[in-house]
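Peer 1: Could you work out the structure for the sequence below:
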Amino acid sequence: MASSKSYLAFVLDQLHGLEGITYRAMMGEYILYYKGKIFGGIYDDRLLIKPVKAACSMMPKAPCERPYEGAKEMLLVENLDDSSFLVKLLDAMFDELPAPKKK
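Peer 2: Next up, the predicted model:
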């Protein structure tokens, strides 16, 4: 099942407090970037983020889910209504995210 553009728009709206949020459509889903670094994606209308230490400590009870079969587990963000929490979460995660790969 592909993710809807309306769900993407909702997530992007919740992240409006951050500069540098971009996305790329890929096979019906969306890869999300913060200042050029991949932090997660939208898969089947679910926001999944990389399980870096900061994210795990800020969301200790977050369920781990796979974006698709064979993929590594990611953290499911369930509290999408709290925009200020999402901004703090991404700011805390940023330094732990891997640098973009050189092309």
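Peer 1: OK, contacts around the residue positioned nearest the centre of the chain?
Peer 2: The chain has Gly40 as the residue nearest its centroid, 3.2 Å off, counting by CA atoms, centre = their mean. Gly40 sits next to 32, 47-50, 74, 77 when contact means CB atoms under 8 Å, 6 or more residues apart in numbering. Using the backbone N, CA and C atoms, a C-beta is placed for each residue, glycine as well.
Peer 1: how about low-confidence regions in this structure?
Peer 2: 1 (pLDDT under 70).
Peer 1: Strands of that one, start to end?
Peer 2: 21-26, 29-34, 37-43, 46-49, 64-65, 74-76 (DSSP state E).
Peer 1: quick one: contacts of the second one?
Peer 2: If I follow you right, that is strand 29-34. The contact list for strand 29-34 (CB under 8 Å, 6+ apart) reads 2-3, 8, 11, 18, 20-24, 38-44, 67-68, 90, 93-94, 97.
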